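Novice: Following is a predicted model, sequence given first.
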Amino acid sequence: MSIILVVNVGSSSVKYQLIDMGKDKPVRLARGLVERIGLDSSIHTYIPLDGEMMRKELEVPDHSKAIEVALETLLDPDVGVIADRGEIAAVGHRVVHGGEKFSSSTIINDEVMEQIMECRRLAPLHNPHNIKGIEACRRLFPHTPQVAVFDTAFHQSMPPHAFLYALPHELYTEQGVRRYGFHGSSHRFVAREAARELGRPLSELKLITVHLGNGCSITAVQGGASMDTSMGLTPLEGLVMGTRSGDIDPAIPLMLMRTSGIHTEGMERILNRKSGILGLSGIGSDMREIEEAVEAGDEAGIRTLEVFCYRIKKYIGAYMTVLGGLDALVFTGGIGENSMVVRQKSTAGLEFLGIHLDHEQNRRLNRSRGRISRQDSPVAVFIIPTDEELVIAEDTYALLGGG
Ligand code: ADP
């Protein structure tokens, strides 16, 4: 029994993968995505190992139905990859917020479920969806172990001086207001892989991992442990993101609420959905559109790229001082893996810190994995595609006693 179902539930989507952990190397048996849940027509995309991609429009009113659709497809005699749901040894769930309760992945029981529910307060935009996914799977697989893998867990190693805000201390002790950090599975994965690339033990390395997807965050990793990270109480703090502002003066929302009559929900919408790359550019939230605009000499595109890369550069400098040096800088996520120009601009001028990009390698290795710094660069720079689903499957399998 080594087949793990990985489930990642978002507000209107369910991503899933079926991974067999019992072989020499993990084998991805199938993966799929149900999108537009609860809207007029939902879309199910499914790709079995060695099979053809399938895309279907269907009615999926809620997350529970989405997981049922996924399971039916995995069991389908024609396109499925398993014959019986009993072949699934465990289900691994991505859970965004684990608060201070969870510093590692855990098997879900009623008590853990209650604690995840308590964290809803800290992540009202994310945890409720994760909970729906877990509840649906507990109903569909009542006898199968369910495991929670938290985005926050990896960052629980941050020291208090990094995670405390300079706010009245009771806000931390009574309400848990502190920096938690997110994208933990991704930062943990690429840090481990960077150690492999360097051929050195993770325990002796100083690394900065830069995850640039729709959400963006950067982490200082020492000896395999997160020492500081750019996201905070919520995934809104830090780098500029697709539609999120990242760092701003906390007085800005206060001023807008006072002078423009914007209320909590409106403010939340501006900061989470109308800002970042989208807000700055007025073009869109997708970095590809910004790159095209820059190529065409568009002012809005240029300023967006500048702000985006400057923020990354500023954090690289800050985290090098946190770590007292650096062995490697790692780019990952949709933008980190695919955008030559972002990697180039966010490291330009950092030669004095030992970061020398090899521009030819940066171009040649775009969209793949490898070293993009010069051979004589004291700091190695890598592109490493992230694999959060694999981390979830590994943790789940390990908790079953495998791995
Ligand atoms: P998520 O955080 O939702 O998992 P991804 O990691 O897939 O998202 O990253 C999405 C981002 O990656 C988008 O901003 C998209 O513009 C960017 N991206 C994807 N492909 C490219 C590309 N070829 N060039 C530049 N950016 C890209």
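Specialist: Right, received. Where do you want to start? Residues are numbered from 1 along each chain as shown.

Novice: Now for Leu233: which residues touch it?
Specialist: For Leu233, the contacting residues are Leu122, Tyr165, Val177, Arg178, Arg179, Tyr180, by Cβ atoms under 8 Å, 6 or more residues apart in numbering. All C-beta spots, glycine's among them, are computed from the backbone N, C-alpha and C.

Novice: isn't there a helix covering it?
Specialist: No - the assignment for Leu233, made by DSSP: H, G, I helix; E, B strand; the rest coil, is coil rather than a helix.

Novice: Next one: it from Leu49, what distance?
Specialist: Between Leu233 and Leu49 the distance is 40 Å, computed by Cβ to Cβ, to the nearest Å.

Novice: what's the distance between the residue in the chain positioned nearest to the ligand and Met241?
Specialist: Nearest residue of the chain to the ligand, counting by Cβ to the nearest ligand atom: Gly334, 2.1 Å away. Separation of Gly334 from Met241 (Cβ to Cβ) stands at 11 Å.

Novice: Which one's more surrounded, these two?
Specialist: Using other Cβ atoms under 10 Å, the more surrounded residue of Gly334 and Met241 is Met241, with 26 against 18.

Novice: tell me which element the more buried one falls in.
Specialist: Per DSSP states H and E, Met241 falls between elements, in no helix or strand.

Novice: That one: what's it in contact with?
Specialist: Per Cβ under 8 Å, 6+ apart, neighbours of Met241: Asn214, Gly215, Cys216, Gly276, Ile277.

Novice: Over to Gly238?
Specialist: Gly238 neighbours (Cβ under 8 Å, 6+ apart): Cys216, Ser217, Ile218, Thr229, Ser230, Met231, Gly232, Gly246, Asp247, Tyr315.

Novice: what's the answer for Glu35, then?
Specialist: Ser12, Ser13, Ser42, Ile43, His44, Thr45.

Novice: And it, how close does it get to Ala296?
Specialist: 30 Å.

Novice: same thing with Ala225?
Specialist: 44 Å.

Novice: Those two: which has the busier surroundings?
Specialist: Ala225 (17 against 9).

Novice: what about the closest residue to that one other than its chain neighbours, neighbour count?
Specialist: Nearest non-adjacent residue to Ala225, counting by Cβ to Cβ, 6 or more residues apart in numbering: Ser157, 3.9 Å away. By other Cβ under 10 Å, the residues close to Ser157 number 17.

Novice: per-residue confidence for Ser157?
Specialist: Looking at Ser157, its pLDDT reads 98.

Novice: Find the centremost residue of this structure, please.
Specialist: His183 (3.6 Å; Cα atoms, centre = their mean).

Novice: so which strand or helix has Leu29?
Specialist: Using DSSP H and E, Leu29 falls in strand 27-35.

Novice: I'd like to know which of the contacts of Glu35 is nearest to Val69.
Specialist: Val69 lies nearest to His44 out of those, by Cβ to Cβ, at 5.8 Å.

Novice: Tell me which strands the host helix or strand of the closest one pairs with, and in which orientation.
Specialist: Using DSSP H and E, His44 sits in strand 42-48. When pairing is defined by DSSP bridges, strand 42-48 lines up against strand 27-35 (antiparallel), strand 54-58 (antiparallel).

Novice: need the contact list for Ser346.
Specialist: Per Cβ under 8 Å, 6+ apart, neighbours of Ser346: Val210, Cys309, Tyr310, Ile312, Lys313, Ile316.

Novice: Determine the number of other residues adjacent to the closest residue to Phe163 other than its chain neighbours.
Specialist: Among residues not flanking Phe163 along the chain, Arg179 sits closest, at 4.4 Å (Cβ to Cβ, 6+ apart). By other Cβ under 10 Å, the residues close to Arg179 number 20.

Novice: any idea whether Arg179 is helix, strand or coil?
Specialist: coil.

Novice: JSON lines for the contacts of Gly238, including secondary structure, distance to the ligand and pLDDT?
Specialist: What follows is the contacts of Gly238, written out as JSON lines (DSSP: H, G, I helix; E, B strand; the rest coil; distance: Cβ to the nearest ligand atom, whole Å; pLDDT from 0 to 100):
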{"residue": "Cys216", "secondary structure": "strand", "distance to the ligand": "8", "pLDDT": "98"}
{"residue": "Ser217", "secondary structure": "strand", "distance to the ligand": "10", "pLDDT": "98"}
{"residue": "Ile218", "secondary structure": "strand", "distance to the ligand": "14", "pLDDT": "99"}
{"residue": "Thr229", "secondary structure": "strand", "distance to the ligand": "16", "pLDDT": "99"}
{"residue": "Ser230", "secondary structure": "coil", "distance to the ligand": "15", "pLDDT": "98"}
{"residue": "Met231", "secondary structure": "coil", "distance to the ligand": "12", "pLDDT": "98"}
{"residue": "Gly232", "secondary structure": "coil", "distance to the ligand": "18", "pLDDT": "98"}
{"residue": "Gly246", "secondary structure": "coil", "distance to the ligand": "14", "pLDDT": "98"}
{"residue": "Asp247", "secondary structure": "coil", "distance to the ligand": "19", "pLDDT": "98"}
{"residue": "Tyr315", "secondary structure": "helix", "distance to the ligand": "18", "pLDDT": "99"}
